[in-house]
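[1] I need the structure of the sequence given here:
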Amino acid sequence: MKKRILQQWRTFANESGDNDPVRVGGPSNTLVTDGGLSTVISKPNGAQGEFLSSSLQRWQNRGSNPDRSLIQAFRSIATMSDRLSLVATIKDRANEIYKKVEDLKSIRGRNQDAILAACLYIACRQEDRPRTVKEICSVANGATKKEVGRAQMYIVKQLEVEMGTIHAGDFLRRFCSHLGMTNHAVKAAQEAVQKEEELDIRRNPISVAAAVIYMITQLSDEKKLLRDISLATGVAEGTIWNSYKDLYPYASRLIPSSFATEEDLRNLCTP
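    Presented below is the predicted three-dimensional model:
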């Protein structure tokens, strides 16, 4: 009697009636040797089956997958990406960066969490969706800003990668969203940071974004405390205030007339 053989195929058809490809399982990962595909030994029923299963699993765990540490690193990057709501292209870029660093065989003994966080930080910069080091550290399993900063410099030096230039506008909308600012205020802040680039303000772009937000909120009906802006942006209150002092003389050039009058500007807090 012939036994019937069941095919383990899934069909991925579309409504257009074009090609009807089939495949088994999920997509492969080209960064790992086996494409990210592996065999999982299930647990049979019964005491004898349980003994056999545990024995097989022990053999499976004895280095059967040479990319186990790499896969674990990719999982950590995916977890951090999800916690920061980053798009898939950033996660994939971070994986590529880590794979290149890992191939150098020179990261042994270094802080793994800091290396992974630094890869994600660089990927965000390269994909033109930068995050602050403090934001990255918030999901970096305890790695400090100093450790992530060192890891980032190490990776940049080893791989000779380009990270691109950051601007205050890259962070502004996200900061404004954290503070619950109105669309009118957000638009005014965006115009202000664009005009700021025409000035010779030698401040960190993140500090400039925080200072512009402080200036805009002082001119709106819903004023924000310096402490709240510091929490939303990750910039120290003293740093925001010093950046505000640099921007204050140019307030009339920075703030759109549609948002504040000359009289409003004269009532701004004098640094």
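[2] where does this protein have low pLDDT?
    Within the chain, the stretches with pLDDT under 70 are 1-66.
[3] 50 - rerun?
    Along the chain, the parts satisfying pLDDT under 50 run over 1-16, 22-26, 39-41, 47, 52, 59, 63.
[4] quick one: the helices in it?
    Ranges of helices within the chain are 47-61, 68-83, 88-103, 112-126, 133-137, 145-159, 169-179, 183-196, 205-218, 226-233, 237-247, 251-254, 262-266, based on DSSP state H.
[5] just send the ones you listed back as a markdown table, with mean neighbour count too.
    Any C-beta I mention is one placed from the backbone N, CA and C, and that applies to glycine too. Formatted as a markdown table, the helices of the chain follow (neighbours: other Cβ atoms under 10 Å):
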| stretch | mean neighbour count |
| --- | --- |
| helix 47-61 | 12 |
| helix 68-83 | 17 |
| helix 88-103 | 19 |
| helix 112-126 | 25 |
| helix 133-137 | 20 |
| helix 145-159 | 17 |
| helix 169-179 | 19 |
| helix 183-196 | 19 |
| helix 205-218 | 26 |
| helix 226-233 | 18 |
| helix 237-247 | 18 |
| helix 251-254 | 16 |
| helix 262-266 | 12 |
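[6] measure A143 to A114 for me?
    4 Å (Cβ to Cβ, to the nearest Å).
[7] what do those two both touch?
    A151 (Cβ atoms under 8 Å, 6 or more residues apart in numbering).
[8] state the distance from E160 to S258.
    In this view, E160 and S258 are 46 Å apart by Cβ to Cβ.
[9] these two - which one has more neighbours?
    S258 (10 against 7; other Cβ atoms under 10 Å).
[10] contacts only, for the more buried one.
    Per Cβ under 8 Å, 6+ apart, neighbours of S258: A188.
[11] okay, domains of this protein per the record?
    By the assignment in automatic domain parsing, the chain contains the domains 68-159, 169-266.
[12] how far does the shortest one stretch from one end to the other?
    It refers to domain 68-159. For domain 68-159, the first-to-last residue distance is 23 Å (Cα to Cα, to the nearest Å).
[13] also the longest one?
    In domain 169-266, first residue to last residue: 25 Å (Cα to Cα).
[14] off-centre distance for it?
    23 Å (Cα atoms, centre = their mean, to the nearest Å).
[15] ok, I255 to N267 distance?
    For I255 relative to N267 (Cβ to Cβ), the value is 12 Å.
[16] give me the more crowded residue out of the two.
    Each of I255 and N267 had its neighbours counted (other Cβ under 10 Å), and the higher figure belongs to I255 (25 against 11).
[17] so what's the closest residue in space to the more buried one that isn't next to it in sequence up against?
    Distances taken as Cβ to Cβ, 6 or more residues apart in numbering put A192 closest to I255, at 6.0 Å, once the chain neighbours are dropped. Each residue near A192 by Cβ under 8 Å, 6+ apart is listed here: V212, M215, I216, L254, I255, P256.
[18] need those residues in TSV with distance to N204, can you?
    Formatted as TSV, the contacts of A192 follow (distance: Cβ to Cβ, whole Å):
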residue	distance to N204
V212	13
M215	16
I216	18
L254	17
I255	21
P256	24
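[19] quick check, nearest of those residues to F171?
    V212 (10.4 Å; Cβ to Cβ).
[20] I'd say the closest one and A188 touch.
    No - using Cβ atoms under 8 Å, V212 makes no contact with A188, being 9.1 Å away.
[21] isn't V208 right up against E197?
    No - counting by Cβ under 8 Å, V208 sits too far from E197 to count as a contact (9.1 Å).
[22] list of residues touching stretch 132-139?
    Residues outside stretch 132-139 that contact it (Cβ under 8 Å, 6+ apart): 79-80, 83-84, 117, 120-121, 124, 143-145, 148-149, 152, 171, 206, 233-234.
[23] identify the contacts common to V212 and A188.
    By Cβ under 8 Å, 6+ apart, no residue touches both V212 and A188.
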